[in-house]
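In: Everything below, folded, please.
(chains A and B)
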Amino acid sequence: MSDRKSIKNPAQQLESYWVQTAIGILSAVLVSALIGWIAIDLVLSEDTPPDLSVKATEVTKLQAGWLVEFEIANSATETAAEVGIEASLSTDREKVEEHSATLDYVPGYSKARGGLFFSRNPAEFVMEIRAVSYRKP
Amino acid sequence: MDQIERSKQATFEDRYLRGLARGLAGALLFSLPMLMTMEMWHLGFSIPRERLLLLLLVNLPLLVVLSHRIGFERTVTWRESARDAVVAFAMGILASAFILILLGIMTPDMPPRQWVSIIGIQAVPASIGALLGRSQLSMSDGDDESDDDSGPSDDSAAGYAIELFMMGVGALFLSLNLAPTEEVILIAYKLSHWHALALVLVSLLIMHGFVYAVAFRGSHQAGPGDGGWKAFLHFTVPGYAVALTVSLYTMWTLQSLDDLAGIEVLIGVVVLAFPAAIGAAAARLIL
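Out: Numbers count the residues shown, from 1 in each chain, chains lettered A, B, ... in the order given. Here you go, the predicted structure:
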């Protein structure tokens, strides 16, 4: 861009050299840390198929029914795609209401969140939520 | 006397208008890929207010510095650069709004807060495009002498900072285009650790290749023999660090990283940093 032969100021050049070297070293540390983390994780963890557990986090009364918010956690390394979730409300004798949801991705070691709408108050029944299927991404 | 004054005024206005037209063309050119991406429209619904606000606030000083370097016209003072930056931002907003309405993405029955979100996100790359349009689409005519004496000498720390900044702009531009899409995070989910490490290596290699190209072009580096370890440490590695940081920031803004574990975040960032790094290196070469 600049073809101008600037007057070389040695003091400026030296200062610039040290600034550039300092930034270079800092960046090298950052990049090495990145590589190191990935390499360590590579060595320490083995690929395990998705291990999904769901828990309901909040129940809210809405204008038309109840909302049950849930959180699904994957404690294994592999990502699960199109995770099917089923939830049911039951009494002692029978299932009263059943719903399902699908989550696009639940990545390894991570969580995903969603919600289900019920027409009955979940507090009056036994609620069960579980993951029932997934697809390899 | 009068005639000369008038023709000078006409030439100045003519140049300014042409600069604006190029800026508008640049805004459209650089923002159309994002304007026609589904995930960007959905972000209008879902992006948290604070993240959008932060992005727009960060965009302003970015535009001012960028404008100071390569803006619409020869800008000598920071005030002129600020003015051009604001104009570019406005052009970005208008261009985005126009295309979104034209394509039927934005409709009158959408709530106003959605309009603001959708346009706001799109306006950032559009405004960068508006400023870059001037630099890239310009043919050599009189007002391009400013390309030769812009900014402090490359020998100084300030010149180095500007170099890193330009790399950041290149990285930001490419990562904004790619980060919203599902494909980036999908690649990250499927990637093995070996692939991720290879990506880091290849990103660094390609960046360094660009650094070599810049050195041989002879216009950035002061000293001879650049392109070796010194360039690697001073430009390639910091450039990649900039690409990583920009990728992390973009993905965070666009909510690709929420609820993700540490290692997944890292691999996601590495995936996005690959094109971002190329954008950064190319920006330094081209701009």
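In: Now do the helix or strand hosting residue B:246: everything it contacts.
Out: For residue B:246, the element it lies in under DSSP states H and E is helix B:237-253. Here helix B:237-253 makes contact (C-beta atoms under 8 Å, 6 or more residues apart in numbering or on different chains) with A:23-24, A:26-28, A:30-31, A:34, B:47, B:51-52, B:54-55, B:164, B:167-168, B:171-172, B:175-176, B:179, B:184, B:203-204, B:207, B:211, B:257, B:265, B:268-270, B:272-273, B:276-277, B:279-281, B:284. Yep, even glycine has a C-beta here, placed from its N, CA and C like the rest.
In: In helices, which of those appear?
Out: Using DSSP state H, A:23-24, A:26-28, A:30-31, A:34, B:51-52, B:54-55, B:164, B:167-168, B:171-172, B:175-176, B:184, B:203-204, B:207, B:211, B:265, B:268-270, B:272-273, B:276-277, B:279-281, B:284 are the members of the contacts of helix B:237-253 that sit in helices.
In: The host helix or strand of residue A:14 and chain B, are they touching?
Out: In the assignment (DSSP H and E), residue A:14 maps to helix A:10-44. Yes. Legend: contact between helix A:10-44 and chain B by C-beta under 8 Å from any C-beta of the partner chain is shown at A:12-13, A:15-16, A:19-21, A:23-28, A:30-31, A:34-35, A:37-39, A:41-42.
In: Next, the angle from the helix holding residue B:246 to helix A:10-44.
Out: Angle between the axes of helix B:237-253 and helix A:10-44 is 60 degrees (criterion: axes from the mean of the first three to the mean of the last three C-alpha atoms, to 10 degrees).
In: which residues touch stretch B:25-37?
Out: Applying C-beta under 8 Å, 6+ apart, the contact partners of stretch B:25-37 are B:40, B:88, B:91-92, B:95-96, B:99-100, B:103, B:105, B:122, B:125-134, B:136-137, B:173, B:176-177, B:180-181.
In: and the helix or strand hosting residue A:97, what other elements does it pack with?
Out: Using DSSP H and E, residue A:97 sits within strand A:95-106. Contact here means 3 or more C-beta pairs under 8 Å, 6 or more residues apart in numbering or on different chains; DSSP states H and E; on that basis strand A:95-106 packs against strand A:65-74, strand A:80-90, strand A:111-118, helix B:182-190.
In: Quick one: these as JSON lines, columns for mean neighbour count too.
Out: Formatted as JSON lines, the helices and strands packed on strand A:95-106 follow (neighbours: other C-beta atoms under 10 Å in any protein chain shown):
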{"stretch": "strand A:65-74", "mean neighbour count": "18"}
{"stretch": "strand A:80-90", "mean neighbour count": "19"}
{"stretch": "strand A:111-118", "mean neighbour count": "16"}
{"stretch": "helix B:182-190", "mean neighbour count": "18"}
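In: Now tabulate the ones you listed in CSV and tack on mean pLDDT and distance to residue A:103.
Out: As requested, the helices and strands packed on strand A:95-106 are exported to CSV (pLDDT from 0 to 100; distance: least, C-beta to C-beta, whole Å):
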stretch, mean pLDDT, distance to residue A:103
strand A:65-74, 94, 7
strand A:80-90, 94, 5
strand A:111-118, 94, 5
helix B:182-190, 92, 13
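In: got a list of what residue A:110 touches?
Out: A:73-74, B:259-261, B:264.
In: any weak-confidence spans in the stretch 151-287 of chain B?
Out: Along the stretch 151-287 of chain B, the model assigns pLDDT under 70 to residues B:151-155, B:215-227.
In: Enumerate the residues of it near chain A.
Out: Checking the stretch 151-287 of chain B against chain A by C-beta under 8 Å from any C-beta, the hits are B:151, B:153-157, B:159-160, B:164, B:185-186, B:189-190, B:193-194, B:196-197, B:200, B:204, B:219-220, B:222, B:233-234, B:237-238, B:240-242, B:244, B:259-264, B:266-267, B:270, B:287.
In: Filter these down to just the buried residues.
Out: B:153-157, B:159-160, B:164, B:185-186, B:189, B:193, B:196-197, B:200, B:204, B:220, B:233-234, B:237-238, B:240-242, B:244, B:260-261, B:263-264, B:266-267, B:270, B:287 (16 or more other C-beta atoms under 10 Å in any protein chain shown).
In: follow-up on the earlier one: make a ChimeraX selection of whichever of the contacts of stretch B:25-37 turn out to be buried.
Out: For the buried members of those, the matching ChimeraX selection, counting by 16+ other C-beta under 10 Å, is:
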select /B:40,88,91,92,95,96,99,100,105,122,125,126,127,128,129,130,131,132,133,134,136,173,176,177,180,181
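In: Could you list which of the contacts of stretch B:25-37 belong to strands?
Out: Secondary structure from DSSP state E places none of the contacts of stretch B:25-37 in strands.
In: Which positions within the helix-or-strand element of chain A with minimal mean pLDDT qualify as buried?
Out: Lowest by mean pLDDT, DSSP states H and E among the helices and strands of chain A is helix A:10-44, with a mean of 90. For helix A:10-44, a neighbour-count test (16+ other C-beta under 10 Å) marks A:12-13, A:16-17, A:19-20, A:23-24, A:27-28, A:30-31, A:34-35, A:38, A:41 as buried.
In: which pair in those spans the largest distance?
Out: Taking C-beta to C-beta as the measure, the buried residues of helix A:10-44 span a maximum distance of 43.5 Å, between A:12 and A:41.
In: how much space between the closest residue to residue A:30 other than its chain neighbours and residue B:208?
Out: Leaving aside its chain neighbours, residue A:30 sits nearest to residue B:241 (4.9 Å; criterion: C-beta to C-beta, 6 or more residues apart in numbering or on different chains). From residue B:241 across to residue B:208, the span is 14 Å (C-beta to C-beta, to the nearest Å).
In: quick revisit: report all helices and strands that the least confident helix or strand of chain A contacts.
Out: Looks like helix A:10-44 contacts helix B:157-178, helix B:193-217, helix B:237-253, helix B:262-286 (3+ C-beta pairs under 8 Å, 6+ apart).
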